[in-house]
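> Give me a 3D structure for the following:
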Amino acid sequence: MSKSLSGVPELSVIVPTYNERENLPLLVERVEEALKGRSFELIVVDDNSPDGTAEEALRLAEKYGNLKVIRRPGKLGLSSAVLDGVREARAGVIAVMDADLQHPPELLPKMLGKIGEGFDLVVASRYIEGGGVEGWSFWRRLISRAATLMAKLALPRVRGLRDLMSGFFMFKREVIEGVELRPRGFKVLLEILVKGRWSRAAEVPYLFKPRERGKSKLGARVMWNYVEQLLELSSYRPLKFAAVGSIGVAVNEGLLHVLMHFLPLQLAGAIAIETSILNNFILNDQWTFKDRKVGRWAYRCLKYHGAVAVGGLVNYVVLLALTLLFGVHYLISNLIGILMGFLANYAVSEVFVWRSRQ
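Here you go, the predicted structure:
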């Protein structure tokens with residue numbers, strides 16, 4: 001049995017809960033065993049679980065003097081639960097983990113050791129050597145990988161890490177001091193990685209195992225919250241890029257239609273594509289990526305042309321092939337070519353033309 005803490009603990013472990021009454025006793029026992037001999041506090045933040053999780057936590061708090069319970073009035077969400085826990089935490093190092101026993105408490109000392117080595121933030125990772133996932137379906141794995149890929153594409157600062165979706169992580173308090181955090185859904189780590197004041201981050205491997213009790217909380221609402229969070233953290237760049245692209249489509253199609261009255265398809269198509277490329281570059285440079293300009297205007301313009309060369313070539317080849325070989329109307333052929341180059345153009349623009357300076 002742990003004694004009540006009188007001084008400032010070395011570590012605060014925050015555990016958000018909702019309907020985790022069955023898992024909580026074993027979780028607390030394993031945390032206490034893993035951190036035996038260390039000064040720490042365990043903070044359970046419960047969203048008024050109807051299964052009596054808060055009552056169970058209060059019972060355990062009587063047994064373990066270093067356990068604090070925060071009972072909230074309703075189901076307010078994991079992210080805000082973590083932030084409420086941080087506000088109550090007293091330690092200079094804070095860990096966040098789930099109560100469902102899928103995050104092994106035995107990893108906490110190793111993560112704390114990494115903090116001691118000088119890392120500002122440590123992520124328990126499923127996607128580095130030694131880590132893994134058990135019991136997931138193909139679709140669950142696909143969703144997780146797709147979510148990670150989306151984050152790396154939209155958020156340059158996180159690209160050095162592998163498991164951006166992890167809910168098990170540890171950080172120094174100063175990483176978030178003075179930082180306005182407004183995370184949505186379950187992905188608190190992503191918010192901290194993008195906005196936090198950190199310079200060194202490490203990952204330690206762990207095996208993510210199936211739940212022994214309770215139900216997974218992944219659903220359509222969680223996935224939608226994630227998309228909203230990504231857009232907000234990326235300053236809505238994907239939507240801005242799409243808007244610019246739409247304007248480029250109008251320029252391309254409109255100019256092609258006009259030029260076809262005076263020029264052959266081969267020349268009219270080339271001029272229309274080049275004009276739309278210049279249009280898109282200027283708008284993206286002044287709006288979408290205005291905070292990430294590196295080098296002179298002419299240099300960025302040249303880089304952009306190199307980046308969209310594949311998309312432009314695809315656009316041109318599809319236009320000629322569908323129109324001349326298959327008899328498709330030139331405006332429809334052109335539109336198909338434009339759509340085929342869009343995703344590639346955005347990806348290259350993110351990582352090559354307007355690369356983050358962080």
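> would you list every one of the helices in the stretch 201-350 of the chain?
For the stretch 201-350 of the chain, helices defined by DSSP state H, counting those that start in this stretch occupy the ranges 220-233, 237-259, 265-283, 297-307, 309-320, 330-348.
> Let's have those in CSV, adding mean neighbour count, distance to residue 156 and mean pLDDT.
(Each C-beta comes from the backbone N, C-alpha and C, glycine too.) Putting those into CSV (neighbours: other CB atoms under 10 Å; distance: least, CB to CB, whole Å; pLDDT from 0 to 100) gives the following:
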stretch, mean neighbour count, distance to residue 156, mean pLDDT
helix 220-233, 16, 11, 77
helix 237-259, 18, 10, 90
helix 265-283, 19, 19, 95
helix 297-307, 16, 15, 90
helix 309-320, 19, 21, 86
helix 330-348, 19, 12, 80
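> could I get those helices as a markdown table with distance to residue 114?
What follows is these, written out as a markdown table (distance: least, CB to CB, whole Å):
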| stretch | distance to residue 114 |
| --- | --- |
| helix 220-233 | 25 |
| helix 237-259 | 32 |
| helix 265-283 | 43 |
| helix 297-307 | 37 |
| helix 309-320 | 41 |
| helix 330-348 | 32 |
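> What separation do you get for the closest residue to residue 245 other than its chain neighbours and residue 47?
Nearest residue to residue 245, sequence neighbours excluded (CB to CB, 6 or more residues apart in numbering): residue 342, at 5.8 Å. According to CB to CB, to the nearest Å, residue 342 and residue 47 sit 41 Å apart.
> what does residue 149 give?
As defined by CB to CB, residue 149 lies at a distance of 30 Å from residue 47.
> same deal with residue 14?
From residue 14 over to residue 47 the distance is 13 Å, taken as CB to CB.
> which non-adjacent residue is nearest residue 8?
In space, residue 8 comes closest to residue 90 once its chain neighbours are excluded; the distance is 5.4 Å by CB to CB, 6+ apart.
> er, residue 24 actually
Going by CB to CB, 6+ apart, residue 24 has residue 56 as its nearest residue, at 5.2 Å.
> could you pull out the strands for this structure?
Secondary structure of the chain (DSSP state E): strands at 11-17, 40-46, 67-71, 93-96, 121-125, 132-133, 169-172, 201-205, 207-208.
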